[in-house]
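>>> quick one, structure for this:
(one chain, ligands or ions: 2)
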Amino acid sequence: MATHLRSAGKKCTVIGGSGFLGQHMVEQLLKKGYTVNVFDIQKRFDNDRVQFFLGDLCDKEALLPALQGVSVAFHCASPAPSSDNRELFYKVNFMGTKAVVEACKEAGVQKLVLTSSASVVFEGTDIKNGSEDLPYAKKPIDYYTETKILQEKEVLSANDPGNNFFTTAIRPHGIFGPRDPQLVPILIQAAKSGKMKFIIGDGKNLVDFTYVENVVHGHILAAENLQKGSALCGKAFHITNDEPVPFWAFMSRILTGLNYDPPKYHIPYWLAYYLALFLSLVLWLLSPLVTIKPTFTPMRVALAGTFHYYSCERAKRDMGYKPVVSLDEAIDRTLQSYPHLRRAKA
Ligand SMILES: NC(=O)C1=CN([C@@H]2O[C@H](COP(=O)(O)OP(=O)(O)OC[C@H]3O[C@@H](n4cnc5c(N)ncnc54)[C@H](OP(=O)(O)O)[C@@H]3O)[C@@H](O)[C@H]2O)C=CC1
Ligand SMILES: CC(C)CCC[C@@H](C)[C@H]1CC[C@H]2C3=C(CC[C@]12C)[C@@]1(C)CCC(=O)[C@@H](C)[C@@H]1CC3
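Residues are numbered from 1 along each chain as shown. Ligands and ions are numbered 1, 2, ... in the order given. This next block holds a predicted model:
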């Protein structure tokens, strides 16, 4: 009996386990001795130690088999922000998360750890060392973030100690690392097409970039500390590298590390913002004729030109969080993992 309980305590399901963060979650959970199920809409890797369940998380019936006998569910599935599909974000992040909560309760899962985002409080203006007490953004920066807010509220309000069901949310910021399909590849694509010439603003704005293994560490600590009476129940926690850096210094380090020139000309923030806004308007007017997805958008200008870094004191205090990989080491490991994006030296 005792052995059965111990192994059930170490059985988990990673919803979104085929994604960038999800795959790193699976790797670390296996290393820590967990038995791991993956539920995802796609299978992107093979591992004999992992049981895969393919399906859409909006379908509660499809989720149930993946949650049988499991004590912890990690929910880190979401449509990619770049899909820019309002209906899909709403369907998966909001309605789908309701289905996840219902399925967890029905299957008798005790703990649900959601991957939320620190951006749920960001409105495009400076946030310096923001705590979890900041209010949700009234004007979120995009539809994706709008539905991350709905999703987080849904999960946190489902915390129900009376029925032995505990929930918490991790709010990472700027996740990067090996196999990330977004940050480094988008940046290098922009550099290849000559779009990385300008620093928006004075280049001093600090931002959090968080190495994927630190994000994973935060999730696992959350699961292990989430229990009756703990401070984690129904609460959200920032997980960062705890080393905010100037946005443009970080970008320049990635660019030079892959043999691309760093941006060197400055453009005032307001000018960049209004140019991006103007470009969006032009593309919107042209949209009945042609669909173009711009690299240069008002949202990206806001992300690149404002301060947005967060305090992770609450995670340190309540779950003993401390980053396990420093930013320097994280950048080196990340650069080494993208040999195919490295420019050959002339
Ligand atoms: N990357 C970042 O910088 C940050 C990410 N986050 C959050 O972290 C989480 C993980 O992000 P990340 O790993 O980058 O994202 P990925 O897109 O790499 O992974 C998400 C996974 O979920 C899958 N998925 C999407 N929709 C469904 C569905 N309806 N049913 C089942 N599976 C589905 C995706 O499949 P498919 O690829 O086919 O869509 C993908 O495999 C997300 O919740 C994201 O919002 C928060 C802050 C920052
Ligand atoms: C820290 C963030 C919350 C998470 C990072 C997400 C990144 C994928 C994007 C955030 C800012 C983006 C950005 C660009 C690329 C993608 C990001 C790094 C550009 C460098 C793309 C080229 C441009 O036109 C610049 C103005 C963009 C600056 C912002």
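
>>> lowest average confidence, helix or strand, in the protein?
Within the chain, no helix or strand scores below helix 2-9, which has a mean of 45 by mean pLDDT, DSSP states H and E.

>>> quick one: name whatever helix or strand follows it.
strand 11-15 (DSSP states H and E).

>>> who in the chain is up against ligand 2?
Applying Cβ under 6 Å from any ligand atom, we find that the chain lies next to ligand 2 at 173-174, 182-183, 186-187, 190, 195, 207, 295-296, 300-301, 303-304. In short, each C-beta sits where N, CA and C put it, glycine included.

>>> now restrict these to buried residues only.
Those of those that meet the buried threshold are 173, 174, 183, 187, 190, 207, 296, 300, 301, 303, 304, by 16 or more other Cβ atoms under 10 Å.

>>> near ligand 1 too, which of those?
residue 174.

>>> farthest-apart pair in the buried ones among the residues of the chain next to ligand 2, please.
Taking Cβ to Cβ as the measure, these span a maximum distance of 22.0 Å, between 173 and 296.

>>> does residue 111 really touch residue 161, like I thought?
No. Under the criterion of Cβ atoms under 8 Å, residue 111 is not in contact with residue 161, lying 11.5 Å apart.

>>> more neighbours: which of the two?
Each of residue 111 and residue 161 has its neighbours counted (other Cβ atoms under 10 Å); residue 111 has more, 25 against 13.

>>> which residues touch the more buried one?
Counting by Cβ atoms under 8 Å, 6 or more residues apart in numbering, residue 111 touches 71, 72, 73, 166, 167, 168, 223, 226, 227.

>>> and if you look at residue 303?
Counting by Cβ under 8 Å, 6+ apart, residue 303 touches 141, 207, 247.

>>> among those residues, which lie within strands?
Counting by DSSP state E, the contacts of residue 303 place residue 207 in strands.

>>> and which of the contacts of residue 303 is nearest to ligand 2?
Set against ligand 2, the nearest of these by Cβ to the nearest ligand atom is residue 207 (5.3 Å).

>>> the nearest residue to the closest one once chain neighbours are set aside and residue 148: what is the separation?
Using Cβ to Cβ, 6 or more residues apart in numbering and skipping residues adjacent in sequence, the residue nearest residue 207 is residue 247, 4.4 Å away. Between residue 247 and residue 148 the computed distance is 21 Å (Cβ to Cβ, to the nearest Å).

>>> ok, those two, which is more surrounded?
Neighbours were counted for residue 247 and for residue 148 using other Cβ under 10 Å; residue 148 has more, 29 against 26.

>>> buried sites along the strand or helix carrying the more buried one?
Following DSSP H and E, one finds residue 148 within helix 143-157. For helix 143-157, a neighbour-count test (16+ other Cβ under 10 Å) marks 143-156 as buried.

>>> residues making contact with it?
With Cβ under 8 Å, 6+ apart as the test, helix 143-157 has contacts from 75, 78-79, 81, 84, 86, 89-90, 92-94, 97-98, 101, 112, 114, 116-117, 119-120, 122, 136-137, 140, 167-169, 171, 234-236.

>>> ok, now which ones touch residue 226?
Residue 226 touches 111, 113, 166, 167, 168, 232, 233, counting by Cβ under 8 Å, 6+ apart.

>>> can you redo these as JSON lines with pLDDT and distance to ligand 1?
Putting the contacts of residue 226 into JSON lines (pLDDT from 0 to 100; distance: Cβ to the nearest ligand atom, whole Å) gives the following:
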{"residue": "111", "pLDDT": "98", "distance to ligand 1": "17"}
{"residue": "113", "pLDDT": "98", "distance to ligand 1": "11"}
{"residue": "166", "pLDDT": "98", "distance to ligand 1": "19"}
{"residue": "167", "pLDDT": "98", "distance to ligand 1": "15"}
{"residue": "168", "pLDDT": "98", "distance to ligand 1": "14"}
{"residue": "232", "pLDDT": "98", "distance to ligand 1": "18"}
{"residue": "233", "pLDDT": "98", "distance to ligand 1": "21"}
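
>>> what is the most widely separated pair among the residues you listed?
113 and 233 (11.7 Å).

>>> which one's more surrounded, those two?
Neighbours were counted for residue 113 and for residue 233 using other Cβ under 10 Å; residue 113 has more, 29 against 19.

>>> longest helix of the chain, counting residues only.
In the chain, with assignment by DSSP state H, the single longest helix is helix 269-286.

>>> what residues of it count as buried?
269, 272, 273, 276, 279.

>>> again with stretch 197-204
Buried-residue list, stretch 197-204, by 16+ other Cβ under 10 Å: 198, 199, 200, 201, 203.

>>> got it, and stretch 333-346?
For stretch 333-346, a neighbour-count test (16+ other Cβ under 10 Å) marks 334, 335, 338, 341 as buried.

>>> so the third one touches residue 181, yeah?
No. With contacts defined as Cβ under 8 Å, residue 338 does not count as touching residue 181, sitting 11.1 Å away.

>>> helix 143-157 and the helix or strand where residue 303 lies, what's the angle between them?
Using DSSP H and E, residue 303 falls within helix 298-305. Counting by axes from the mean of the first three to the mean of the last three Cα atoms, to 10 degrees, helix 298-305 lies at 70 degrees to helix 143-157.

>>> where do the helices sit along this protein?
2-9, 20-31, 60-67, 86-89, 97-107, 143-157, 183-192, 212-225, 247-257, 269-286, 298-305, 313-319, 327-336.
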